[in-house]
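A.B. asks: predicted model follows, preceded by the sequence.
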Amino acid sequence: MRIVDRLTRVTDAPCFSFELFPPKTEEGVAELFAALAELSPLAPAYVSVTYGAGGGGRDRTLGLVRRIQAETGLPVMAHLACLGHSEDEIAAILDELAEAGVENLLALRGDPPRGAPPPEGFHYASELVRFARRRGYDFCIGAAAYPEGHIECADRNRDMAHLVAKVEQGVDFLVTQLFFDNAFYFDFVRRARERRLRVPVLPGLMPITNAAQIDRFTRLCGATVPMRLVLELERRAGDLAAVEALGVAHAAEQAFDLIARGAPGIHFFTLNRSRAVRRILEALRERYPIAPVDLSAAARRGQLTQGGQNG
């Protein structure tokens, strides 16, 4: 299934998707598939698998993509970060993805090595998109968007111009960086439409389950946390269950508002955990036609960890 077809299809059901990352250990892989077994009954439109910085996760990403497709039958989107790769290396990766039956690709620049000069080869996601299109690959290609602007670009108008250039190379849809205030998403979409960008823009949400972890992520990507949410998190400091409950409630309200105001769905950054996302989708299921959750059936198949406590 091509993701853009699902995003543009006229339907009452929003498009929900989950992002996973390739674990470095066998224990981590087992935990990932336990989480995926709990998420699969929610009938996601697709799952995506991230790519290691500097290409370090290439083999893990490709292996995980193949295994998810083979064992779950879920549509998978493979992330591909191009920074520092040569044309031959990118061509080899794209060939491998195509041969594995992967239809969907998220084209990314990737993070540059700290303190090192720019590597040779590809430097921008737009170059990757252009390369894939000119070589005739038939992937449905997504790209990243930054509602608050890219952390390395202080001028949001210039950041939007970079995005326009990227889409013009052949991007089919956009997935946003995480945000905690929906005003950023709707302002971004408005500005994108003013620049005549007509591709679907799928908002990305990360439910807060660990305040210190979110602080680290937001410092890395430049996303801001509303002060009222910061204060509520501080009130719950030291109570992990209370922090998670707040994070789930906030993300659920974001999701309700986004969908009610026209977003095509939600892309969840799961961190390879299922509990918070399941709770959000349980709340959403009361308003939207989402597949019912049957965790007991998955447990009887022996797919889940004991008690389903991998969240």
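C.D. replies: Thanks, I have the structure now.

A.B. asks: what helix or strand is the closest residue to residue 42 other than its chain neighbours located in?
C.D. replies: Nearest-residue entry for residue 42: residue 281, 5.2 Å, with adjacent residues in sequence omitted and distances by CB to CB, 6 or more residues apart in numbering. Heads up, the C-betas are built off the backbone N, CA and C, glycines and all. Following DSSP states H and E, the helix or strand that holds residue 281 is helix 275-285.

A.B. asks: low-confidence stretches in the stretch 201-311 of the chain?
C.D. replies: Applying pLDDT under 70 to the stretch 201-311 of the chain flags the ranges 288-311.

A.B. asks: for it, which segments count as helices?
C.D. replies: Secondary structure of the stretch 201-311 of the chain (DSSP state H, counting those that start in this stretch): helices at 211-221, 227-235, 240-260, 275-285, 295-300.

A.B. asks: residue 91 against residue 135, yeah?
C.D. replies: Yes - contact criterion CB atoms under 8 Å: residue 91 and residue 135 qualify, at 6.8 Å.

A.B. asks: ok, the two, which is more surrounded?
C.D. replies: Using other CB atoms under 10 Å as the criterion, residue 91 and residue 135 rank with residue 91 on top: 15 against 12.

A.B. asks: name the helices or strands packed onto the helix or strand hosting the more buried one?
C.D. replies: For residue 91, the host element (DSSP H and E) is helix 87-99. If you count contacts as 3 or more CB pairs under 8 Å, 6 or more residues apart in numbering; DSSP states H and E, helix 87-99 packs onto helix 58-72, strand 76-81, helix 125-134.

A.B. asks: most tightly surrounded among the ones you listed?
C.D. replies: A comparison of those by mean neighbour count, using mean count of other CB atoms under 10 Å, puts strand 76-81 on top with a mean of 24.

A.B. asks: for residue 277, which non-adjacent residue is closest in space?
C.D. replies: Closest residue to residue 277 apart from its sequence neighbours, by CB to CB, 6+ apart: residue 268 at 4.9 Å.

A.B. asks: do residue 174 as well
C.D. replies: The shortest distance from residue 174 to any residue other than its chain neighbours is 4.2 Å, reached at residue 145 (CB to CB, 6+ apart).
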